[in-house]
Structure formats: structure tokens, C-alpha cells
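1. Okay, structure incoming, though there's no sequence with it:
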């Protein structure tokens, strides 16, 4: 059988799998329902592309075109960042192919090419096609109009190869992925703020409309470079290595069952365990106490722009949930056993911990805000609404960035506490506690500093928080890795004793 | 097909999963690889099949490094676990795909299916269920049948009798013997169930903590020693 025929067979299988994914039997009606659903989404994307121009009718034509193209380019640049988070990649299981007479190169090519067939990519393509139809096709000469389409296609494929590279990073170097992802977001923001995005739009998407022809060549080169880097990396990771990299074969996130009932029961169990523990019951009242103290300090600090008070205020507002996070694993000693015996994934444990901490921090923030409002009202200096924004920015920062970063350190801390309760102040466990305290103080300091800078400060804080929220799936993946490592430590300890 | 392992090591963090200085399995040999859970049997099979990369050393099939060539794949068949099946195909579709991949003509495919008939009956082939919805035993049957369908020169199996009922085990024993005798197939079969391979293999390899600690032809003394080893390990806990 020739290599080409094998590739066709792979394509056929991919098609069959995408048809049968949702169905439980070969003749299931689910496939037709899926067809109709996907069709509607496609039509919506196309229609949305056609009518995009309506939203900017009030602008002069030249300005409108530049604005829309800048927006399109911004979308393309953000696309890999979004795809890398949610796109699961091609739905073809490659494991059997590794046992069969097929070379890894073919499989890597197939993976790269199938990734362009993903639904998200089709939606983007249809949106661009709609835009072309509504805005370009009938206003420019045929050559320019098709030149635009070519550039747009090259940009879309570039975004796909970049997304593939990011997904590989996410699988093999999750820490680096988080850095690159945040760096990418900051880079796009800077390009946008400095006006370079508009210049880039002029040299790429708008170039064919103005008669410039060099754009497609450069984009083609960029495409080739990104494709081959992705191809080489993909080919080199096509190995079954179930100990360190469980889900590498399809370069997609492992599908985990998401059962709301399981999540609910886990939360319920945590709350129950806390409530039945004499001392930890206090944890429920702490957010309120911290909220009152923090709220008053932060309100006054914001009003007078006083850094020390902002520091104290944000410190107290963060302490409620941060403290909860840091102690949760150790309070719930059953968690350590649970990691081995419960039919619950580490990821679910992580999401539950994050949700509970986020809820508690919300409680602290609401208490703080209400306390501050009451205080201001009592002194007759109640201020206007915009002050809500710095509070929200701080909350987003806490939930989006502080919690996940902090949570990443807790499994190790908790397992150490479980294993060596008497050695917390010295040795590796002691160093870990210091690192934990250091990171909490650093986070509080950063938050307070940003708030004291003014509008840009809290805006940055809020944006960082939102970016962190977008990265939640990856924070959880990192957490899962860490939990698994610490589970191994615990297992070794249990075997020895 | 001849298998040669040269200074082969596979390390996972601090654990040395496989450490074999040298081993040769001659063409046409039927070898049983035994050992406790976690002894490194599956890792060794994966190294031979180029499914994982060795930390050191190399695996040669007919003198060629498995990492640098693809030719050996055409003559090799393996079934390690269910994840190597295609879950969204029916049994018939799956076997057809395997036949196409290995380039079997329609007549050869039909003939070989007929040869497998006692083990893989018609009702299973006509099943309209996907592989993912079959019982573990039937999935195992389909996976094992697919390996014999291609008449390989090297057959690698991991715990092949695990989910099979007694009659299917007996039938599969026969099929392996026939394949070995007819095509001079080298068979490497990993298991922790000694009774299953006692009357099947010609040579026994015993693994412990990634190392080969015993390599003898299949004789009554061999099995006595292997049984003693397992009894000793069990008594030490």
C-alpha cells in the first residue's frame, strides 16, 4: 500500500470518527443533529462576516476600512492564543497507527493538516469569507480582491501552525506555555497601543487592495517556517510514554469526564469536613473579619492614594482566601488518602479548591466594600460608582492570578505537612513554607502598588487577572502535574512506613 | 525476525525501568517474558516496537535499528492493550482497515479471516456495535485476531490471555503455534500468568526491576525455578 493511500485511509478514518463521535451506534440520529448544528454555526459566522461593516457605518469609508482590517488582524493574532487554550486538535487517535507500517513523518503531516479542519478554524474562515463577500469582492478589481483572500488564508493558516506550536508547549512545557501565552497577550497589547497593529494591517491584509504584492511571499515563508517547526516537533513527540506524558499522541488535552454532581459532592464534602472540625470552623468567619478590616483600610487608601493603607487593605482582603487555600490541603488530611482512593481526578480537586477560595474571597470583598461604603456614609462622604472598578480589578487579580499561582504550591506544602509535621521550620518543607509566605507577600505588594499608580495601575491589574482567568485550564494542568508528583512522594513514604 | 537488544536502558526520573546489557532472540523463537507487575515487561515491549525512546542503547530487528527504519513495521504485528484499537469502528471495519494498511488483497483477507474462524466467529464480525461498546473479552479477541491476520514475521503480545474465556485461550494457543510453525514467526509474549505460557513457549525470560534475571529454554526444571522465584518474592511481601 502506498504512503498516499495510507494517508487517504487516515483521512477517511478521521472523517468517520468525526461523524461517529457523538453517536452511540452507526445509525444514530445524533450525527444528523450535529450536522445541522455545525451548519447553523457556519452560516452564522458567514452572515456575521458580511454584516460586520454595519457596525462602523458612521465612520468615513477609508477610516472604516482601516479600522476593520486592524480589527481582523488583531483577531488573527489573538486566534492562536485562544485556539491553544480550547482547541482540542484533530479527533484522530494515532495510537494504533504507531503499531502499523506507517512512518512518523506521515502521521505528523496528517496531524498538522487535520488541525486546519477543526471547527473553530472553519468558523474563522467563513467569517473572513463573509467579510470578503460583503466588503471586498464587489468594490475592488478581481485581482486585488483575490489577493486579499490569499493573504487572509495565509494569515489563518499561520495562526493555525502557531496554535499547534503553542499546544505542543502546553503539553510538554506547561510552565513555559503560560509565560509565552502571557507574553503573546502583552505583545499584542503593546502593538495595539503603539499603533503598529494598524501599520501591520496596511502591510498585510490591505496591501493587495493598494496594489502591493510582496505580502503573500513573506507570509508564505512564515507559513512554511511555522509548519515545519511544528511538523518536526510533532514527529519527535509521537511516542507512547504513559509515565511522563499521558496525552501526547493526538496533541490534544485528555478528555476528562466533567460531572457537575461529582463537583457538587466534592464541595459539599469539603464544607462538611471543615464545619465538623472545631478550629477550622473559624475559616468561615475569617473572610468577614478580614473583609471589614481590609475594606476600611483599602477605602481610605484609595481615597487618599496612600500606599501603606492600600498595602494593609489589599493584604487583608487577600488573606481570607489565600489563607484558606494554604491551609485547606493540610486541614483536610483525608485529602491525602482521597488522592489515592477517591474516584476523583486531581484536576477536579484543583477546580474545587479554586472555586471555594474564589467564593470566600468574594465574600471578603463584598464585606469589605459594604464596610467601606457604610463608613463613608457615616462620615457623610459617600463617593461615586467608579471606585467599584479598582475593587473589581483587585478581585480579578486575586482570583485570576494569585489563587492559581498560590494553589500550585499548596500540594507540595500539604504533603510535606502530612509527612513531616515536626519539620516544617527546617529542611525542604521549611524552605517551601518560606517560599509560600514570600509569594503571598509579593502578590499583595504588587496589587497594592498597582492600585496606588491610579487608573492605569488597576486597569493593568484587572487585565492581568482576566488573562489569568483565561489560563485557568492550564493552571489546572500544571496543578495536576504537581499533584501527581506529590502523590508519588506520599506513596513512597507510605510504603516505607 | 531476529531481535537484538544492545545496552538497552529506559529511565523514568529516578527509576530505571529497563536495563538489559544484551539479549538476542533468534528468528522463529517463541519466547515468554514473565515477571511481576512493574518488572518492566511492557516497557521492554514498547522499546522493541519503537513506541518509546530508549534512554541508552538500541534495539535491532534483523540488524537494523528500529528508530531509524520503518521496513520492519510491515512484518511486525502487536497487541499491547485496548488503546491500540480504533474504538469508533465495528469489528469488521477495524479488521478491514488493518488489512488495507498491511496491503492484503481482498481474497487473502477473506482466506485469513476463515483461518481465524474458530477464534473470531461470524457473529462477532457481523456485530453492528462499535469496538468501544463491546465487552473486554470481545475487544481482546478482535485486537489479537488483527495481529494474526497479517501473518507477521514478528509478533509481540502483552498479556494476551487476560480477558479471554478458557475456550478462546485454547484456540489462541493453537493459532500462535500455527503462525509460528507456518511463517517462522518470532513471538515475544509478556505475561505474569505462568500457567498460560507453560506449554506454549520455547524459551523463558524472567524480569525483575527492569533487569533480565533468568533466561532458559522451556524445561520442567525451568518452570520449577520460576515458580520458586515467585513463591520467594511472595513470601518476602
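-> Thanks, I have it. Because the structure is a prediction, the values reported are computed rather than measured.
2. Which is the succeeding secondary structure element to the lowest-mean-pLDDT helix or strand in chain A?
-> For chain A, scoring each helix and strand by mean pLDDT, DSSP states H and E identifies helix A:333-341 as the least confident one, at a mean of 51. Under the assignment DSSP states H and E, the closest C-terminal helix or strand after helix A:333-341 is helix A:346-378.
3. Give me the helices and strands touching that next one, please.
-> Contacts of helix A:346-378 with other secondary structure elements, assessed using 3 or more Cβ pairs under 8 Å, 6 or more residues apart in numbering or on different chains; DSSP states H and E, are made with helix A:260-275, helix A:286-304, helix A:307-331, helix A:333-341, helix A:388-397, helix A:403-419, helix A:472-496. Just so you know, the C-beta spots here come from the backbone N, C-alpha and C atoms, and that holds for glycine as well.
4. let's go with 7 Å and repeat that
-> In this structure, helix A:346-378 packs against helix A:260-275, helix A:286-304, helix A:307-331, helix A:388-397, helix A:403-419, helix A:472-496, with contacts taken as 3 or more Cβ pairs under 7 Å, 6 or more residues apart in numbering or on different chains; DSSP states H and E.
5. avg pLDDT for stretch A:46-60?
-> When pLDDT is averaged along stretch A:46-60, the result is 77.
6. again, but for stretch B:19-37
-> In this model, stretch B:19-37 carries a mean pLDDT of 92.
7. for it, how far is the first residue from the last?
-> When the termini of stretch B:19-37 are compared using Cα to Cα, to the nearest Å, they are 16 Å apart.
8. What residues does the residue nearest to the spatial centre of chain B make contact with?
-> Centrality entry for chain B: nearest residue to the mean C-alpha point is residue B:157, 1.2 Å, by Cα atoms, centre = their mean. When contacts are counted by Cβ atoms under 7 Å, 6 or more residues apart in numbering or on different chains, residue B:157 is found next to B:78, B:79, B:189.
9. Just give the closest residue to the first one, not the sequence neighbours.
-> It stands for residue B:78. Using Cβ to Cβ, 6 or more residues apart in numbering or on different chains and skipping the chain neighbours, the partner closest in space to residue B:78 is residue B:156 (4.1 Å).
10. tally of neighbours for the nearest residue to residue A:311 once chain neighbours are set aside?
-> With Cβ to Cβ, 6+ apart as the measure, residue A:448 is the residue that lies nearest to residue A:311, at 4.1 Å, once sequence neighbours are left out. The local packing of residue A:448 (other Cβ atoms under 10 Å in any protein chain shown) involves 24 other residues.
11. Confirm residue A:448 sits in a helix?
-> Yes: going by DSSP: H, G, I helix; E, B strand; the rest coil, the assignment for residue A:448 places it inside a helix.
12. Okay, now the unreliable bits of chain B?
-> B:236-237 (pLDDT under 70).
13. Now for residue A:124: which residues touch it?
-> A:79, A:156.
14. again with residue B:159
-> Residues touching residue B:159, when contacts are defined by Cβ under 7 Å, 6+ apart, comprise B:190, B:191.
15. How about residue B:84?
-> A:95, A:96, A:99, B:143.
16. Report how many residues lie close to the nearest residue to residue A:319 once chain neighbours are set aside.
-> Setting aside the residues directly before and after it, residue A:319 is nearest to residue A:290 in space (Cβ to Cβ, 6+ apart), at 5.1 Å. A count of nearby residues for residue A:290, using other Cβ under 10 Å, gives 26.
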